[in-house]
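Chemist: Kindly generate the corresponding structure for this input.
(one chain, ligands or ions: 1)
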Amino acid sequence: MTLQAIKYHRGQLDILDQLLLPDATHYLEIADTDAAWKAIKKMQVRGAPAIAIVGCLSLTVELNQKKFATLQELKQYVEEKLEYLVSARPTAVNMADASAKGKQMVRKIANAGELEPEEAKLKVIKEFEGMLQKDIDVNKNIGRFGAEHILFHNEEKPVNILTHCNTGSLATAGYGTALGVIRCLQEHKKLSHVYCTETRPYNQGARLTAYELVHEKMDASLICDSTAAACMKEHKVHAVVVGADRVVANGDTANKIGTYQIAIVAKHHNVPFYVACPKTTFDPSIESGKDIHIEVRPNHEMKSVKGVKIAPDDINCWNPAFDVTPASLITGGIITEFGVFKPEELKQRISELDQDKVDVFY
Ligand SMILES: CSC[C@H]1O[C@H](OP(=O)(O)O)[C@H](O)[C@@H]1O
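Modeler: Predicted structure coming up:
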């Protein structure tokens, strides 16, 4: 059984408190959107898709307990709460994407005027609940397309993969994006070894990815972020696969800090560099990576690890949570649930998708 970041049934939402991993497994009840906002801000739950899912499900918990006199009252409440949830963390686009689609959905229901408020509320709740299974289905397609592409372009099998940060079951509703590609390779006995970076300063790789890999008995080595170059020099790395927080129109990609330098090293060593993400991480409204808002996290998150000080109090820090990898360094391609695309073709290929088949909401 893979690890579950999110546990939900109607009226009840619990998240695995990822700040306590790997030492303790503790589920935290999320009773409303305020609790979700705080948990997302503190990174008790993190990962672009998981943030959107927890945000929206926290709203369903709230809606489940409320009565609305009119459809317009329901619409206004949903719109306001979705906008509030987007403000928790700025770089990952998935919550903003879910907010835009959720507002479109509730407006359509309210403007149709065909349902009583309670019926409309239930319809909205069900739409948000659909995100859980949809995310898992999407991730399995990402895994399959990514694994196929990597194997097609590699004579040698099984393959060694390097990954950064955490993009697995702890960053999504399950299976994962980049880690979903790794899971798919493992399922088909085509994975030899995983190198996962510790991913300072929050240590998603050491605390979360290593935890997932050990949990599923995959052959893996944890490396320091500073070891990525030596790893590609000294060991055969067939591909680098990372996640994404926001892919923009020209294919530039914001992802966990440290991704950019790994992409540079991969280019130097002729190792194909892949980004794996769902369509909901694509933001065509931003032309290039220079316009992506990069979240800067508090200094104290750099200066201590689980309460143990590793730097003097008075040292200044610069602690961006993400960096931007230019499309030119994404040499393997962008792996989506619809296939693997060159960064420069992504916008066009996504726009060509039969929108009837791509759910309006999720
Ligand atoms: C599928 S998770 C995508 C993305 O989110 C992570 O950031 P954070 O841990 O700060 O939420 C990381 O950048 C992953 O690649």
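
Chemist: center of this protein - which residue?
Modeler: A48 (3.1 Å; C-alpha atoms, centre = their mean).

Chemist: Model confidence at that one, what's the number?
Modeler: pLDDT recorded at A48 is 97.

Chemist: in which helix or strand would I find the nearest residue to it once chain neighbours are set aside?
Modeler: Leaving aside its chain neighbours, A48 sits nearest to A92 (3.7 Å; criterion: C-beta to C-beta, 6 or more residues apart in numbering). Using the backbone N, CA and C atoms, a C-beta is placed for each residue, glycine as well. Using DSSP states H and E, A92 is not contained in any helix or strand.

Chemist: With L185 instead?
Modeler: helix 178-187.

Chemist: other SSEs contacting that helix?
Modeler: If you count contacts as 3 or more C-beta pairs under 8 Å, 6 or more residues apart in numbering; DSSP states H and E, helix 178-187 packs onto helix 117-152, strand 159-163, strand 191-197, strand 239-242, strand 273-276.

Chemist: Residue numbers of the stretch 251-362 of the chain in contact with the ligand?
Modeler: 255-256, 321 (C-beta under 6 Å from any ligand atom).

Chemist: Looking at these, which is nearest the ligand?
Modeler: Distance ranking of those against the ligand, using C-beta to the nearest ligand atom, places K256 first at 3.4 Å.

Chemist: Please name the residues that touch that closest one.
Modeler: By C-beta atoms under 8 Å, 6 or more residues apart in numbering, the contact list for K256 reads 164-165, 199, 204, 242-243, 245, 321-323.

Chemist: Of those, which belong to strands?
Modeler: Mapping the contacts of K256 onto strands (DSSP state E) picks out 242, 322-323.

Chemist: From those, list just the buried residues.
Modeler: 242, 322-323 (16 or more other C-beta atoms under 10 Å).

Chemist: Tabulate those (TSV), appending distance to C224.
Modeler: Shown next, in TSV, are these (distance: C-beta to C-beta, whole Å):
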residue	distance to C224
V242	16
F322	19
D323	17
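
Chemist: between those residues, which is nearest I350?
Modeler: Nearest to I350 out of these is V242 (C-beta to C-beta; 19.4 Å).

Chemist: Identify the residue nearest that closest one in space, chain neighbours excluded?
Modeler: Using C-beta to C-beta, 6+ apart, the closest residue to V242 is H164 (4.9 Å).

Chemist: ok, now A229?
Modeler: The nearest residue in space to A229 (C-beta to C-beta, 6+ apart) is V265, at 4.5 Å.

Chemist: L162 now?
Modeler: In space, L162 is closest to Y195, 4.3 Å off (C-beta to C-beta, 6+ apart).

Chemist: burial of the residue in the stretch 51-200 of the chain that the ligand sits nearest to, as a residue count?
Modeler: Using C-beta to the nearest ligand atom, the closest approach of the stretch 51-200 of the chain to the ligand is made by A171 at 3.5 Å. By the criterion of other C-beta atoms under 10 Å, A171 has 28 neighbours.

Chemist: returning to that earlier point: adding mean pLDDT as columns, could you present the helices and strands packed on helix 178-187 in CSV?
Modeler: Output for the helices and strands packed on helix 178-187, formatted as CSV (pLDDT from 0 to 100):
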stretch, mean pLDDT
helix 117-152, 98
strand 159-163, 98
strand 191-197, 98
strand 239-242, 98
strand 273-276, 98
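
Chemist: if we can go back for a sec, hmm, who's touching the helix holding L185?
Modeler: Residues outside helix 178-187 that contact it (C-beta under 8 Å, 6+ apart): 139-140, 142-144, 146-147, 150-151, 158-159, 161, 163, 166-169, 171-172, 175-176, 191, 194, 209, 212, 216, 218, 241-243, 274-276, 335.

Chemist: hmm, 7 Å instead?
Modeler: 139-140, 142-144, 146-147, 159, 161, 163, 167-168, 175-176, 191, 194, 209, 212, 218, 241-243, 276, 335 (C-beta atoms under 7 Å, 6 or more residues apart in numbering).

Chemist: For the nearest residue to L353 once chain neighbours are set aside, the count of nearby residues, please.
Modeler: Nearest residue to L353, sequence neighbours excluded (C-beta to C-beta, 6+ apart): F338, at 6.1 Å. By the criterion of other C-beta under 10 Å, F338 has 19 neighbours.

Chemist: what's the answer for the one 4 residues further on, then?
Modeler: When counting by other C-beta under 10 Å, one arrives at 14 neighbours for K342.

Chemist: If I look at it, what pLDDT would I see?
Modeler: 98.
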